[in-house]
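K.L.:
What shape does this take:
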Amino acid sequence: MQSGQSSDGLSSVQISADDSASLSVRLRNCRTVRPFDSVRLAVETERESGIGLVPVVSNEQLLGVFRSTDLPVINSQTELNDLLMEPVDRHLTGPAFVIPAEYTSNQAISALITRQLPAAPVIDSDNNWLGIAVLSDLLSPDVWNMRPHRVGGMATPFGVYLTDGRLRAGASDWALVITGMLLSLTLTFSTYIVQELAIVTQHQSGVPLMSLLNMSVSGKQDGLKILAISLQIIIPLLFLLILRAMPLTGFHAAEHMTVHAIEMGEPLDKRIVSRMPRIHPRCGTNLMAAGAIFLSVSQALSVLAARAIDSGSGAILAAMVTFVAWRPFGAFLQQYFTTKPPTDRQLQSGIAAGQELLDRFNQAPPGRPDLPLRIWRMGILQVVVGASLMMPLAWLVLR
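P.N.:
Presented below is the predicted three-dimensional model:
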């Protein structure tokens, strides 16, 4: 990168032909305000960012910027108080310059130095707000700490899958499909084992265990309700125990540990990633825990409090218990069932996927994925497809 003089006499940066460094690696995702927010909020946001401007955004569209230096002169405390209560759109100005998403980091540096600007908003071709390019950020040599703000992922039998919602890395779509098939097969096997045990016990004891296992508990005697609930809990418990024994849970732990390292700004070094926690607050296990708590409490109330509480109140109470307990229970399930300490190979799979994602993030132009792409990148649809492919087999085995 070499300095030079622009036609208007201002210093600029000459861009080499092979410079392909992405602007996204240095893009700052600063706070924005809406056009109806107060000037007071905009001033506070400007103070916190220290950039000298605040992007004004509505429905992800950049409308302009707010600068406290553009406010009118005030002559009294009363005028100041009134001014701070006004909506931002009364003091909205167009940005001095906007940077297209296609710019490289060096092109953005050149543009900001040429125009003597400390920062400028970055937009895509549809005027969607993507972030802000700050000259001091672009000039900083410490690039390894610039990374996606949020990363998700999944574990597959073949390695870790990671995504930031727009870019992806690690395991393929086919690996996600096979993951769905494997989970469905494990659940089918767990159900089959419990059913076979129920049949054997039913023949020996005469208790209609198969009926209790396959039917709703409503309308049954309290003793049979409790037995039915107990039988229905055995299937997911056996599923979790089998899952714990599979290599998949080691890859799951490696995924969580890698995501923690990325989101905490740590280098993807094995010595550091291996110290990261296996539990992650956004894990899908937490959703499974929420569903399990709600159903279990609802069923228990139908048995233990049928005469003291109606179904509506029972649902409300179950929802309250779920709200309080789903994250702690989800963390418990992650710690003891859905993850386990990864092997070196599994941990390296997570690190490799994480590094691949960071490399792609550093090279890709800034952008905002549309909703269909974001959903596809989550990987859930691929897993559902895989699970659906196993449904005919499950029907044949369990009918």
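
K.L.:
What are the boundaries of the helices in the stretch 201-350 of the chain?
P.N.:
With DSSP state H, counting those that start in this stretch, the ranges of helices along the stretch 201-350 of the chain come out as 209-214, 222-245, 248-263, 270-273, 284-304, 311-333, 344-363.

K.L.:
likewise the stretch 1-150 of the chain?
P.N.:
Counting by DSSP H, counting those that start in this stretch, the stretch 1-150 of the chain has helices at residues 39-49, 77-85, 105-115, 135-139.

K.L.:
and the gap between the residue nearest the centre of the chain and Met257?
P.N.:
For the chain, the residue nearest the mean C-alpha position is Gly152 (4.6 Å; C-alpha atoms, centre = their mean). From Gly152 over to Met257 the distance is 14 Å, taken as C-beta to C-beta, to the nearest Å. Yep, even glycine has a C-beta here, placed from its N, CA and C like the rest.

K.L.:
what residue ranges in the chain score low on pLDDT?
P.N.:
1-22, 24-25, 141-146, 211-225, 303-311, 399 (pLDDT under 70).

K.L.:
Walk me through the domains of it.
P.N.:
Domain ranges of the chain: 2-139, 152-278+339-398, per automatic domain parsing.

K.L.:
what's the span of the last one from first residue to last?
P.N.:
Meaning domain 152-278+339-398. Distance between the two ends of domain 152-278+339-398: 34 Å, counting by C-alpha to C-alpha, to the nearest Å.

K.L.:
For the nearest residue in space to Arg377 that is not next to it in sequence, give its distance to Arg150.
P.N.:
Spatial nearest neighbour of Arg377, excluding adjacent residues (C-beta to C-beta, 6 or more residues apart in numbering): Thr163 at 4.4 Å. Going from Thr163 to Arg150 by C-beta to C-beta gives 10 Å.

K.L.:
okay, now Arg209: neighbour count?
P.N.:
No Arg there; residue 209 is Leu. 21 (other C-beta atoms under 10 Å).

K.L.:
so it touches Ser230, yeah?
P.N.:
No. Leu209 is not in contact with Ser230 according to C-beta atoms under 8 Å; the separation is 10.3 Å.

K.L.:
Which neighbours do those two have in common?
P.N.:
Counting by C-beta atoms under 8 Å, 6 or more residues apart in numbering, Leu209 and Ser230 have no contacts in common.

K.L.:
wait, doesn't Gln346 sit right on Gly250?
P.N.:
Yes. Between Gln346 and Gly250 there is a contact under C-beta under 8 Å: 4.2 Å.

K.L.:
Those two - which one has more neighbours?
P.N.:
Taking neighbours as other C-beta under 10 Å, Gln346 and Gly250 compare with Gln346 leading, 24 against 21.

K.L.:
show me the contacts for the residue lying closest to Arg168 once chain neighbours are set aside.
P.N.:
Distances taken as C-beta to C-beta, 6+ apart put Arg377 closest to Arg168, at 5.7 Å, once the chain neighbours are dropped. When contacts are counted by C-beta under 8 Å, 6+ apart, Arg377 touches Thr163, Gly165, Arg166, Leu167, Arg168, Pro369.

K.L.:
So which of the residues you listed belong to strands?
P.N.:
Those of the contacts of Arg377 mapping onto strands are Thr163, Arg168, per DSSP state E.

K.L.:
For Thr338, state which of the contacts of Arg377 is nearest.
P.N.:
When those are ranked by distance to Thr338 (C-beta to C-beta), Thr163 comes first, at 19.3 Å.

K.L.:
Give me the number of neighbouring residues for the closest one.
P.N.:
Residues near Thr163, counting by other C-beta under 10 Å: 23.

K.L.:
Would you confirm that Phe36 contacts Pro87?
P.N.:
Yes. The pair Phe36 / Pro87 is scored as a contact, 5.1 Å apart, by C-beta under 8 Å.

K.L.:
about what we covered before: turn the helices of the stretch 1-150 of the chain into TSV, columns for distance to Ala292 and mean neighbour count.
P.N.:
Listed next are the helices of the stretch 1-150 of the chain as TSV, based on distance: least, C-beta to C-beta, whole Å; neighbours: other C-beta atoms under 10 Å:
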stretch	distance to Ala292	mean neighbour count
helix 39-49	41	17
helix 77-85	49	12
helix 105-115	47	20
helix 135-139	45	17
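
K.L.:
Throw the ones you listed into JSON lines and include distance to Gly64, thanks.
P.N.:
As requested, the helices of the stretch 1-150 of the chain are exported to JSON lines (distance: least, C-beta to C-beta, whole Å):
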{"stretch": "helix 39-49", "distance to Gly64": "11"}
{"stretch": "helix 77-85", "distance to Gly64": "18"}
{"stretch": "helix 105-115", "distance to Gly64": "17"}
{"stretch": "helix 135-139", "distance to Gly64": "20"}
